[in-house]
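Engineer: Okay, predicted coordinates and the sequence, questions at the end:
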Amino acid sequence: MTDQEIIKLIHSSPHEGHRVLFDRYYSYVYAISVNILRNFGTAEDVEECVIDIFAAVLNKLDEINYESIKPFIGTVAKNTAISLRRSLAAKAGKSISLDEAEFSRLSSEERIDRNAENAELSKILLEKIKELGEPDSTIIIQRYFYERNAKEIGSMIGMNHSAVRMRCSRAVKKLRGLMKDFC
């Protein structure tokens, strides 16, 4: 079922649509939450975060106009988990250094142009990754953005780890070809 079909199902049958959305994206949201909350929260905190993420996604679902809702869900998951991480750190009396807080970056005035270029290049890169299609785009994102190995990715998407490695290798070559005009 495509994301557009899920959205239509949510509008026609909310309960069933919510279940399909949850089933499809639970592992993705859970992985993001665990990655950000690692060493800060308990398993219960992670589960609560996942529930909060889906609640936020469902509240904002009418406002998005994407072909794919996965990037939207990923952004909501990241922001919600970061917020919970900050809250847990504050309760525990821990401070989070800027290096540890991957989401915080300070830039000097002389680097504004370079940061703008990098942001635009990142946007193009993500668009080109999306063009690879599934499961290649998921494999690339999980491998290079979330630093997961082939075995972990394989278990997430239901593929053999050697097939994940092969698809990753081919997808990287294809991505290089797509990006050669931009670099």
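Structural biologist: Received the coordinates, thanks.
Engineer: What count of nearby residues applies to residue 145?
Structural biologist: 11 (other C-beta atoms under 10 Å). Heads up, the C-betas are built off the backbone N, CA and C, glycines and all.
Engineer: Residue 56 too?
Structural biologist: Neighbours of residue 56 (other C-beta under 10 Å): 15.
Engineer: next one: residue 25
Structural biologist: Residue 25: 22 neighbours (other C-beta under 10 Å).
Engineer: ok now do it, which residues does it touch?
Structural biologist: 54, 70, 73 (C-beta atoms under 8 Å, 6 or more residues apart in numbering).
Engineer: gap between the last one and residue 43?
Structural biologist: Going from residue 73 to residue 43 by C-beta to C-beta, to the nearest Å gives 21 Å.
Engineer: neighbour-wise, which of these two wins?
Structural biologist: More neighbours surround residue 73 than the other of residue 73 and residue 43, with 24 against 9 (other C-beta under 10 Å).
Engineer: any weak-confidence spans in this structure?
Structural biologist: Counting by pLDDT under 70, the chain contains low-confidence ranges at 63-67, 93-119, 182-183.
Engineer: Show me the domain layout of it.
Structural biologist: The chain breaks down into these domains under automatic domain parsing: 1-103, 110-177.
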